[in-house]
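**Student:** Following is a predicted model, sequence given first.
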Amino acid sequence: MSANATQGGHDEQTQVWHIARIGFLPVQVKLSVIKNYLQSATALYPTIVFLSFAGLVVSQVSTNIWLSNWTLQPVYNGTTDSHTTNVYLGVYGVLGACQSKQLY
């Protein structure tokens, strides 16, 4: 028995990761399972995740820029042009739909 095993440590073959807790019970995954999972994944999945994340960031930034431009529109006598408001609202809705599509 190694010094690690007597002190409660784990060697490389039996290393366990605590990745979540369900109630009071920790969920444990062996390092070998994680290695097998990563080796079996193709480049397609990380690419899809990266592109989805990039699309989400782009849509969030676009929405923020659009809202900034919308709030800079002039107000005359406490009102704005209804056509301009409808255009800004429509584009804002499309950006929001793109954002929600990127989340799921």
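**Tutor:** Arrived safely, thanks for sending. Numbering: from 1, shown residues only.

**Student:** What residues sit buried inside the helix ranked longest in the chain?
**Tutor:** Identified as the longest helix of the chain according to DSSP state H is helix 44-71. Of the residues in helix 44-71, 56, 59, 63, 66, 70 count as buried by neighbour count, 16 or more other C-beta atoms under 10 Å. Using the backbone N, CA and C atoms, a C-beta is placed for each residue, glycine as well.

**Student:** again with stretch 72-91
**Tutor:** Neighbour-count burial for stretch 72-91 flags Y88 (criterion: 16+ other C-beta under 10 Å).

**Student:** Only C-alpha atoms, please: export that stretch in PDB.
**Tutor:** The C-alpha coordinates for stretch 72-91 follow below in PDB (Å, rounded to 0.1, in the frame of the first residue of the first chain):
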ATOM      1  CA  LEU A  72     -30.500  58.400 -28.200                       C
ATOM      2  CA  GLN A  73     -33.400  59.100 -30.500                       C
ATOM      3  CA  PRO A  74     -34.800  62.600 -30.100                       C
ATOM      4  CA  VAL A  75     -38.100  63.100 -28.200                       C
ATOM      5  CA  TYR A  76     -40.400  65.900 -29.400                       C
ATOM      6  CA  ASN A  77     -43.100  67.100 -27.000                       C
ATOM      7  CA  GLY A  78     -42.700  63.900 -24.900                       C
ATOM      8  CA  THR A  79     -43.400  61.600 -27.900                       C
ATOM      9  CA  THR A  80     -41.500  59.900 -30.700                       C
ATOM     10  CA  ASP A  81     -42.400  59.100 -34.300                       C
ATOM     11  CA  SER A  82     -44.500  55.900 -34.200                       C
ATOM     12  CA  HIS A  83     -42.900  54.500 -37.400                       C
ATOM     13  CA  THR A  84     -39.400  55.000 -36.000                       C
ATOM     14  CA  THR A  85     -40.500  53.300 -32.700                       C
ATOM     15  CA  ASN A  86     -42.000  50.400 -34.600                       C
ATOM     16  CA  VAL A  87     -38.800  49.900 -36.600                       C
ATOM     17  CA  TYR A  88     -36.600  50.000 -33.400                       C
ATOM     18  CA  LEU A  89     -39.000  47.600 -31.600                       C
ATOM     19  CA  GLY A  90     -39.100  45.200 -34.600                       C
ATOM     20  CA  VAL A  91     -35.300  45.000 -34.800                       C
END
